[in-house]
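Novice: The following block contains a protein sequence and its predicted model.
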Amino acid sequence: MKAEDIDKNLQTITQNGQHLSPILPEGIKNYLIDIDGTICDDIPNEEPERMLTAEVYPDALVTLNKWYDEGHIIFFFTSRTEAHREYTEIWLKKHGFKYHGILFGKPRGGNYHWIDNHLVKATRYRGKFTDLVDKEVTIQVFDDEHHE
């Protein structure tokens with residue numbers, strides 16, 4: 001699926017006659033993937049000259065391209081800044097990554113806690129990209145009396 005086709009797949013949702021944010025069809029995932037230390041060597045923003053020579057993690061390339069080919073949406077979500085866009089796009093193209101877009105300016109420092117009105121699943125990268133497996137974990141949720 002090309003970036004311009006993403007909106008064509010969104011499904012309209014209404015509640016009480018009012019439109020809500022659309023959702024993707026069942027089985028299609030929106031992947032937000034970090035770059036540095038996740039798909040390649042960990043390069044800090046303070047050393048952008050290294051971004052063009054970062055070593056790619058081969059299993060990341062294979063897995064992400066497979067997900068793209070399966071119709072999932074691939075966006076990179078990085079702490080790199082807009083000033084690093086050109087280097088980043090050159091590097092991704094050089095290594096053959098298939099993706100729909102890049103979001104720059106993710107807050108630095110980790111310890112992320114994403115709050116959204118849509119279901120969010122998080123997977124911590126620990127050195128190897130594979131197909132995802134189910135695992136039960138404890139998470140923090142708002143006390144809305146519906147602890148699903």
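Specialist: Good, I have the coordinates.
Novice: Could you find the closest non-adjacent residue to the residue nearest the centre of the chain?
Specialist: When C-alpha atoms, centre = their mean is applied to the chain, the residue found nearest the centroid is residue 32 (0.9 Å). Nearest residue to residue 32, sequence neighbours excluded (C-beta to C-beta, 6 or more residues apart in numbering): residue 77, at 4.2 Å. From N, CA and C alone the C-beta is placed, and that goes for glycine too.
Novice: got the contact list for the one you found?
Specialist: By C-beta atoms under 8 Å, 6 or more residues apart in numbering, the contact set of residue 77 is 32-34, 102-103, 106.
Novice: Just the buried ones out of those, please.
Specialist: Using 16 or more other C-beta atoms under 10 Å as the burial test, the contacts of residue 77 include 32-34, 102, 106 as buried.
Novice: Would you reformat these as TSV and include secondary structure?
Specialist: What follows is those, written out as TSV (DSSP: H, G, I helix; E, B strand; the rest coil):
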residue	secondary structure
32	strand
33	strand
34	coil
102	strand
106	coil
